[in-house]
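J.: Give the three-dimensional model of this entry:
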Amino acid sequence: MSLIVDSLTAEVGDGRDRKRVLHEVSLSVESGTLGAVLGPSGSGKSTLLRCIAGLHPVVSGTIRAGDRTLHGLPAERRRVGLVPQDGALFPHLTVGQNVAFGLDRGGRRGRRVEELLELVELPGMASRLPHELSGGQAQRVALARALAPSPDIVLLDEPFSALDATLRGAVREQVRRALVETRTTAILVTHDQTEALSIADRLIVLDDGRVRQVGAPEEVYRRPVDLWTGRFVGEANVLAGEGHGAHVTTALGDLRLVDPAVGSVTVLIRPEHLRIVDAPGTAARVTSIDYYGHDALVDLDLIADPGIRLSARLATPVALNVGDAVNLRVVDPVLAYLAP
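T.: Sure, this is the predicted structure:
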């Protein structure tokens, strides 16, 4: 079931203290796919989910699941499942009872609960209580509970934020697999860029209650619509430049442009597009090296202009030390945005 949000506007507060938190937000998520809403704290991500779920009033706009209009319907009639940040399992109910909570009497008597626990890779755990579960297990039970009534849409509000890094990746994959197997349309809210880029079919970037960009994760990362989005989604080096059509002049020399530009621009270069070379290039000095196992992020100051600091992402092992002088070269066309 596809989800379409059109020109959604919402406010918080009462009377004179009312504040607009969503400004004509529009987005769509195709049936059976996962959309991720990515944005900084206070950007309106959770309010958007609550509006879709029917838990927050809407000033204007429309929400549709397929051909069904959702706005105006009470939450219990929307066929929307919600997985909150902490799972919110009922502590006095067993795992099986939690999963069965939204089912009718016939569903509770059948094998629906066991099937869902198998789906989220928790077979045989129906009799356990929530306090006997790990954080990752509790989140998967919360997902099973949301999926139990076969909703049209499932909303996940930062469900992995309380998990440690190793567990977060594993649970994320398990949740993603369960959504794919059930062909459920879902929206994940997160402030974790890596999470959004790796799990989503469609990325919605939200800032101050406004949509900056909607598209495939690779599209948003490689072709951000503006400088703010480019800096927010992934790491970026930013330089002043002067556009000359297909090329731009910067402190790193004359660089090729993805799109032609003329005049004063701000240039965005991803760290993986910056190389340390033995051949002639722009002289720089290594100021720090952050090791991540599969790669490393190397910070550098330009020798001719120490006020310009850049980052290069290099495959490991990295045969460099802090203080080393190196030559830099940009290996791919860069993005340029007109200076304000």
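J.: Quick test: name the residue nearest the centre of this structure.
T.: Ala196 (2.7 Å; Cα atoms, centre = their mean).
J.: so that one, which of the three states?
T.: On the three-state scheme (DSSP: H, G, I helix; E, B strand; the rest coil), Ala196 is labelled helix.
J.: mind listing what it touches?
T.: Contact analysis of Ala196 by Cβ atoms under 8 Å, 6 or more residues apart in numbering lists Ala36, Leu38, Leu188, Thr190, Leu203, Pro217. Quick note: C-beta positions are derived from backbone N, CA and C, even for glycine.
J.: State the distance from it to Leu34.
T.: In this view, Ala196 and Leu34 are 10 Å apart by Cβ to Cβ, to the nearest Å.
J.: Give the intersection of the neighbour lists for the two.
T.: Leu188.
J.: coming back round to it: could you pick out which of the contacts of Ala196 are located in strands?
T.: Ala36, Leu38, Leu188, Thr190, Leu203 (DSSP state E).
J.: And the contacts of Ala196, which is closest to Arg77?
T.: Nearest to Arg77 among those is Leu188, at 23.5 Å by Cβ to Cβ.
J.: can I assume that closest one is in contact with Leu38?
T.: No. Applying Cβ atoms under 8 Å, one finds Leu188 not in contact with Leu38, separated by 9.1 Å.
J.: picking up where we left off before, of the contacts of Ala196, which one scores lowest on pLDDT?
T.: Among the contacts of Ala196, Thr190 carries the weakest pLDDT, at 90.
J.: Now do the buried residues in the longest strand seen in the chain.
T.: The longest strand of the chain (DSSP E) is strand 253-269. Buried residues in strand 253-269, counted by 16 or more other Cβ atoms under 10 Å: Leu255, Leu257, Ala261, Val265, Thr266, Val267, Leu268, Ile269.
J.: Kindly report the same for stretch 315-323.
T.: So for stretch 315-323, counting by 16+ other Cβ under 10 Å, buried means Val318, Leu320.
J.: bridging residues for Thr249?
T.: Glu242, Asp254 (DSSP bridges).
J.: How many neighbouring residues does it have?
T.: 15 (other Cβ atoms under 10 Å).
J.: Next one: it from Cys51, what distance?
T.: 47 Å.
J.: what do you get for Glu114?
T.: For Glu114, the distance to Cys51 - Cβ to Cβ - is 34 Å.
J.: what does Leu274 give?
T.: 41 Å.
J.: Show me which of Glu114 and Cys51 is the more surrounded one.
T.: Legend: neighbour count by other Cβ under 10 Å for Glu114 and Cys51, higher for Cys51 (25 against 14).
J.: So the more buried one: helix, strand or coil?
T.: Following three-state DSSP, Cys51 is assigned to helix.
J.: cool, Val298 as well?
T.: At Val298 the chain is in strand, as set by three-state DSSP.
J.: show me what contacts it?
T.: Applying Cβ under 8 Å, 6+ apart, we find Val298 in contact with Ile276, Val286, Ser288, Ile289, Asp290, Ser311, Ala312, Arg313, Leu314, Val318, Leu320.
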